[in-house]
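>>> The sequence and its predicted three-dimensional model are supplied below.
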Amino acid sequence: MSHIIGIDIGTSGIKVGAMNNEGVLRYLEYQQYSLIYPEMGLVEIDLEDVWQKTKALLLKVWLQVETVGKVEAISLSTFCNSSVFLAENGEVLHQGITYLDQRSRAECDWIKRTVGEDLIFKITKNRLEPGMHTLTTLLWFKNHFPEAYKNMYKWGNLSTFIMHKLTGRFVMDWTQSSYSGMYDIENYEWSAAIYESVGIDREKLPDVVAPSSIVGHLILDEAPLSPVPVIAGAADTACSTVALGIGVNEMFESVGTSNVLTTCMDNPEVLDIRFMNRCHVLKDRWLSHGPMSFPGAAVQWFYEQFLKSEGHSKEILCELAKDSIPGANGVFFLPYMQGERAPIWDGDARGVFVGIHLNTTKADMYRAVLEGCAFGLRQIDEIIKTKYKLHFEGFPSIGGGAKNKEWARIKANVLNKKIHLKDICETGVLGTCLIAGAAIGWYSSLENAANEISNNTILIVEPEEELLRSYDELHPVFNELYPSLQSFFALSANARSRANKLKNVDSEVFI
């Protein structure tokens, strides 16, 4: 039986699986890897480590496929966003720098002043943020390593690096280039008005290709790999959109490290600056993401710090909140563990518990974490309703965090929406396989591909009438927290910055 192998590289792990020509995902393999934190505010990725682990998983899945059939194609999905700096032979000139990295704040501010924020949004349909929109990181590299920049053959992102390993070509698909801060997402081209204004050389930018493009043929010589076509694929959430078959003016939720509400649009003029906006896999459609950065990470943090050491398995994350009550006995939580994107866009914001008292329990604090993330999601949904004029009775929910049914119950009551938990798993892998399937002729069109696979709802979590009023009363209270603490976050960030400078001075004196 014929198979397509899909590679999906997230921020903490790599998944490789194979989809057969009946649309069934099989032979899923996973390998964790770790981000690198050289110092506060810096977040890097060991590119060679990621590649070696990816290659090992690819070979492992390939061997399993070969026992029952053959591999017809390979396709790629990666997280957004990152910067890589490559020599002509693909050699890495610096560790990869991820979207969580804040080292390019000065460059970001300079670009905004030089180009103008209005023009940036007009062209890219995005705001410009350090690290997240990778022009800022590229300029940081040029400013701090001018000789390395001069010798650099191509800049790109993680998908550029992996695709070069697979095919020898330097490319970036348009769902990824949308977050560079210099890509015209209506005209599908690098914006000379931006890259020339900030002194970036056009020849150092990779070619931008459609996600369904056949980039080349596999060049690895490890047996039993053969030179099958390699399809560009797309960013992880864009691939999930394909796997779910999300159409124009439809929405879904993804719950992983981040928690995102994504809508599909056919008019770029309405896209909101408070969201992250990109080209869809299909041309002349756009995806508008309302991303909260760290809800899933906040849940994981709570487990690691307060539950794991007591011997609890992760099953407790679905149960502990039931030992509290709606409203968490007066405790509120801001889920801004390392800054936040939508809707506040404040890199200085941090996680906060408010309302703790002598009767507060661990269950109260955990429930407050889940509720705080749900309240933040409601803020995003309100933008979708007011700006995009889209009202949804419910939406599909995917990702590891979607398996937490108590969290889904809280969201259903906070948002007053039905949440459809899907049985479809690993949507990044599946979506990129569907893109490849359409590219090599398995499906008549990409739009039809998702209709030809199993995509069932395993559970619908419905809002409960008796809880809706309680959460309606609590939500305005939550909305007051960030404005009340905004100046504190700025002062705290300045204090941290001064402390780090003193620490560095002390270290230099000691040396």
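Done, it's in.
>>> hey, where'd the helices end up in the stretch 201-350 of the chain?
When secondary structure is read from DSSP state H, counting those that start in this stretch, the stretch 201-350 of the chain shows helices at 236-244, 295-306.
>>> how about those helices in TSV, adding mean pLDDT and mean neighbour count?
In this view, the C-beta of every residue, glycine as well, is placed from N, C-alpha and C. TSV is the format used below for the helices of the stretch 201-350 of the chain (pLDDT from 0 to 100; neighbours: other Cβ atoms under 10 Å):
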stretch	mean pLDDT	mean neighbour count
helix 236-244	94	27
helix 295-306	96	18
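>>> Which pLDDT value goes with the closest residue to residue 180 other than its chain neighbours?
Closest residue to residue 180 apart from its sequence neighbours, by Cβ to Cβ, 6 or more residues apart in numbering: residue 134 at 5.2 Å. What the model reports as pLDDT for residue 134 is 97.
>>> Just the residues contacting stretch 109-119, thanks.
Stretch 109-119 is contacted from outside by 120, 127, 128, 135, 136, 139, 181, 193, 194, 197, 198, using Cβ atoms under 8 Å, 6 or more residues apart in numbering.
>>> go again using 7 Å as the cut-off
Applying Cβ atoms under 7 Å, 6 or more residues apart in numbering, the set of residues contacting stretch 109-119 from outside is 128, 135, 136, 139, 193, 194, 197, 198.
>>> Buried subset of these as a ChimeraX selection?
Selection of the buried residues among those in ChimeraX, burial being defined by 16 or more other Cβ atoms under 10 Å:
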select :128,135,136,139,194,198
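>>> So which of the contacts of stretch 109-119 belong to helices?
Assigned to helices by DSSP state H, the following of the contacts of stretch 109-119 qualify: 135, 136, 139, 193, 194.
>>> Leaving out sequence neighbours, find the closest residue to the last one.
Across the structure, with Cβ to Cβ, 6+ apart as the measure, the residue nearest residue 194 apart from its sequence neighbours is residue 182 (4.2 Å).
>>> check contacts around that neighbour.
With contact set as Cβ under 7 Å, 6+ apart, residue 182 has these partners: 135, 190, 191, 194, 195.
>>> Surely the residue nearest to residue 180 is in contact with residue 85?
No: taking contacts as Cβ atoms under 7 Å, residue 134 lies outside contact range of residue 85: 11.0 Å.
>>> in stretch 71-78, what's buried?
Of the residues in stretch 71-78, those buried under the neighbour-count criterion (16+ other Cβ under 10 Å) are 71, 72, 73, 74, 75, 76, 77, 78.
>>> Quickly find the element holding the first one.
Spelled out, that is residue 71. Secondary structure assignment for residue 71, by DSSP states H and E: strand 70-78.
>>> so what secondary structure elements neighbour that strand?
Counting contacts by 3 or more Cβ pairs under 7 Å, 6 or more residues apart in numbering; DSSP states H and E, the secondary-structure elements packed against strand 70-78 are strand 2-9, helix 158-167, strand 229-235, helix 236-244, helix 427-439.
>>> now with 6 Å?
Judged by 3 or more Cβ pairs under 6 Å, 6 or more residues apart in numbering; DSSP states H and E, the packing partners of strand 70-78 are strand 2-9, helix 158-167, strand 229-235, helix 427-439.
>>> Listing partners with orientation, what would you give for the next helix or strand after the first one?
It refers to strand 2-9. As assigned by DSSP H and E, the chain's next helix or strand after strand 2-9 is strand 13-20. Note on strand 13-20: by DSSP bridges, its sheet partners are strand 2-9 (antiparallel), strand 25-32 (antiparallel).
>>> Restrict stretch 90-98 to CA atoms and write it as PDB.
Backbone C-alpha positions of stretch 90-98 (Å, rounded to 0.1, in the frame of the first residue of the first chain) are rendered in PDB as follows:
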ATOM      1  CA  GLY A  90      23.800  24.400   4.500                       C
ATOM      2  CA  GLU A  91      26.200  24.700   7.400                       C
ATOM      3  CA  VAL A  92      24.800  26.400  10.400                       C
ATOM      4  CA  LEU A  93      26.400  29.800  11.300                       C
ATOM      5  CA  HIS A  94      24.500  30.300  14.600                       C
ATOM      6  CA  GLN A  95      22.100  28.400  16.700                       C
ATOM      7  CA  GLY A  96      18.500  28.700  15.500                       C
ATOM      8  CA  ILE A  97      16.600  31.500  17.300                       C
ATOM      9  CA  THR A  98      13.000  30.900  18.100                       C
END
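>>> What lies in contact with it?
Judged by Cβ atoms under 6 Å, 6 or more residues apart in numbering, the contacts made with stretch 90-98 from elsewhere in the structure are 43, 44, 45, 47, 82, 83, 84, 85, 137, 148, 152, 164.
>>> Could you pull out the buried residues of that stretch?
90, 93, 94, 95, 96, 97, 98.
>>> That one: how far from the chain's middle?
Relative to the mean C-alpha coordinate of its chain, stretch 90-98 is positioned 20 Å out (Cα atoms, centre = their mean, to the nearest Å).
>>> Now do it, average pLDDT.
If you average the pLDDT over stretch 90-98, you get 97.
>>> ditto for stretch 470-489
Per-residue pLDDT over stretch 470-489 has a mean of 98.
>>> try stretch 403-411
Average pLDDT, stretch 403-411: 96.
>>> Next: stretch 347-367.
Per-residue scores along stretch 347-367 average to 97.
>>> Output it as CSV - backbone C-alpha positions only.
This file holds the C-alpha atoms of stretch 347-367, laid out as CSV (Å, rounded to 0.1, in the frame of the first residue of the first chain):
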residue,chain,number,x,y,z
GLY,A,347,6.5,41.0,26.3
ASP,A,348,6.9,42.3,29.8
ALA,A,349,3.7,40.7,31.2
ARG,A,350,4.1,37.8,33.6
GLY,A,351,1.9,35.2,35.3
VAL,A,352,0.1,36.4,38.4
PHE,A,353,-2.2,34.8,41.0
VAL,A,354,-4.6,37.3,42.6
GLY,A,355,-7.0,36.8,45.5
ILE,A,356,-5.2,34.1,47.4
HIS,A,357,-6.4,33.9,51.0
LEU,A,358,-5.8,31.6,54.0
ASN,A,359,-8.5,29.1,52.8
THR,A,360,-7.1,28.9,49.3
THR,A,361,-6.3,25.3,48.3
LYS,A,362,-4.1,23.8,45.6
ALA,A,363,-7.3,22.9,43.7
ASP,A,364,-8.4,26.5,43.8
MET,A,365,-5.1,27.7,42.3
TYR,A,366,-5.2,25.0,39.6
ARG,A,367,-8.8,25.8,38.7
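>>> Okay, strands next: where are they in the stretch 101-250 of the chain?
Along the stretch 101-250 of the chain, counting by DSSP state E, counting those that start in this stretch, strands occupy 154-156, 171-173, 183-184, 189-190, 207-209, 214-217, 229-235.
>>> Can I get stretch 65-84 in CSV, CA atoms only?
Extracted as CSV, the C-alpha positions of stretch 65-84 are listed here (Å, rounded to 0.1, in the frame of the first residue of the first chain):
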residue,chain,number,x,y,z
VAL,A,65,6.1,1.4,5.7
GLU,A,66,8.4,-0.8,3.6
THR,A,67,7.0,-3.9,5.4
VAL,A,68,3.6,-3.3,3.9
GLY,A,69,4.1,-1.1,0.8
LYS,A,70,6.1,1.9,-0.3
VAL,A,71,6.7,5.6,0.3
GLU,A,72,5.4,7.9,-2.4
ALA,A,73,6.3,11.3,-1.0
ILE,A,74,7.5,13.3,2.1
SER,A,75,6.0,16.5,3.4
LEU,A,76,6.9,18.9,6.2
SER,A,77,5.3,20.9,9.0
THR,A,78,7.1,23.0,11.5
PHE,A,79,6.3,25.4,14.3
CYS,A,80,6.3,29.2,13.7
ASN,A,81,8.6,31.0,13.9
SER,A,82,12.4,30.8,14.0
SER,A,83,15.5,32.2,12.3
VAL,A,84,18.3,30.2,10.9
